Structure formats: structure tokens, C-alpha cells
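# I'd like to go over a predicted model; first the sequence, then the structure.
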Amino acid sequence: MAELNTGDGGGGKGGKVRSKKQNSKVDLTAMVDLAFLLITFFMLTTSLSKPQSMDLSLPNKDEDPTKNKDIKVDENRTMTVMLGENNKMVYYMGLLESPIAGPKDIGYGKDGIRKEVLKRKKSVLEYSTGLGKPKNGIIVIIKPTKKSTYRNLVDMLDEMAITGVDTYAIVPEFSPEETKLIDKK
């Protein structure tokens, strides 16, 4: 005779069928691949973004500093900018004894020194072209005082880069007249 299925799974004896518990394992292969891709991506992007810096030409150490090499420059091409305390700046064009323009207080930024440097740069190029030397541009002498901040000097160097002034110098020496001028402002 055929046996009847009672539905208890035990062959009619009333027992319960237990399912086997399987170990749950997560395959981490894809996660490891993703981690390596992210690490590679960030390594490449950080190495490609180089810090921006400005080239600075310093005198050679081999040269004798006691030897004074006076270089004569056309005062019509020279602009002197003195950096004072509390973000103050004074500029003049030419020689202080007989200035072409200034001395005048001026501020930082596009409406301050940048505008003035661009205007003076254009007039110096016209002057040099009239002399037959169109490559002779403006010469800016930056004179930071002991009371000026490092940020003021960096801002002024940034202005030189923005305006495209090729010839500029940082000179920490002041004549007595210049010292009086920057102190009273």
C-alpha cells in the first residue's frame, strides 16, 4: 500500500524537518577593488595639483657684498613704493627730490596700486618707445619698512605678477627724506 503524506516531513512520525543553517559570508572583493581605485584617484589628484609659487632671483653668494655696484637707471622709468605700518603705502615716480608723480598715499588692490602701476607702465612704455627702446619697461622699487608686515610685501609681489612688471627690486634701505615721508603718513 502507499503511504500517506501527513505533512510533518518525518515520514508520518510527527517530526520536524530542520533546515541547515548556512554560514553567511560577504564577498569583499568588490569593496577592496573600490578602495584601491579611490586611493589611486586621490594619490593622482594630489600629485597633479602642484603648489603655485613665484620665482625669486637672489644675488649670487659668490659676489662680494662690500663691492658696491651702482647701476644708473633712467628716473623716468622708476617707480618707488614704500610699505609702511597699518597697511599704508606711499609711492612716487622718479626721484624723491624731483618726482614726476607723487609722493602719494595709495591702497592695495585693483583700484589702488594696481591701477596706478598699469597707468605708469603704459606711460613708461610710450616714453621708451619714443627713445627707440620699446622693450624697456617700468622698474618698481619696493621698500618695506620694519613696521610693515610680511603680508604687505607678498601682496605687493602679487601685484607685480598681476600687472606683468618684469623688473622690480626689494630694497630695505631708506634715505632720510624717505624715512620722514613714510613716518609722517
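Structure's in. What do you need?
# Residue 37: which element?
helix 29-48 (DSSP states H and E).
# Pairing partners for the helix or strand that that helix is followed by, with directions?
Counting by DSSP H and E, the element after helix 29-48 in chain order, helix or strand, is strand 78-83. Strand 78-83 has its sheet partners listed here by DSSP bridges as strand 89-94 (antiparallel), strand 139-144 (parallel).
# residues of the helix or strand just after the first one that come out buried?
Scanning forward in sequence from strand 89-94, with DSSP H and E defining helices and strands, the next element found is strand 99-106. Counting neighbours by 16 or more other CB atoms under 10 Å, one finds that the buried residues in strand 99-106 are 102, 103, 106. From N, CA and C alone the C-beta is placed, and that goes for glycine too.
# CSV please, covering those residues and showing pLDDT.
Formatted as CSV, the buried residues of strand 99-106 follow (pLDDT from 0 to 100):
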residue, pLDDT
102, 74
103, 81
106, 83
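# Could you export these as a markdown table, including distance to residue 32?
Shown next, in a markdown table, are those (distance: CB to CB, whole Å):
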| residue | distance to residue 32 |
| --- | --- |
| 102 | 67 |
| 103 | 68 |
| 106 | 60 |
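# quick one: residue 98 from residue 131, how far?
19 Å (CB to CB, to the nearest Å).
# Who has more neighbours out of the two?
residue 131 (10 against 7; other CB atoms under 10 Å).
# Residue 177 falls within a helix, correct?
Yes - checked against DSSP: H, G, I helix; E, B strand; the rest coil, residue 177 lies within a helix.
# wait, it sits on residue 96?
Yes - Residue 177 is within contact range of residue 96, at 5.5 Å (criterion: CB atoms under 8 Å).
# Between those two, tell me which one has more neighbours.
Taking neighbours as other CB under 10 Å, residue 177 and residue 96 compare with residue 96 leading, 14 against 11.
# give me every residue that touches that one.
For residue 96, the contact set (CB atoms under 8 Å, 6 or more residues apart in numbering) comprises 80, 103, 175, 177, 178, 181.
# any chance of those residues in a markdown table, plus distance to residue 118?
Compiled in a markdown table, these are given as follows (distance: CB to CB, whole Å):
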| residue | distance to residue 118 |
| --- | --- |
| 80 | 17 |
| 103 | 19 |
| 175 | 27 |
| 177 | 27 |
| 178 | 24 |
| 181 | 24 |
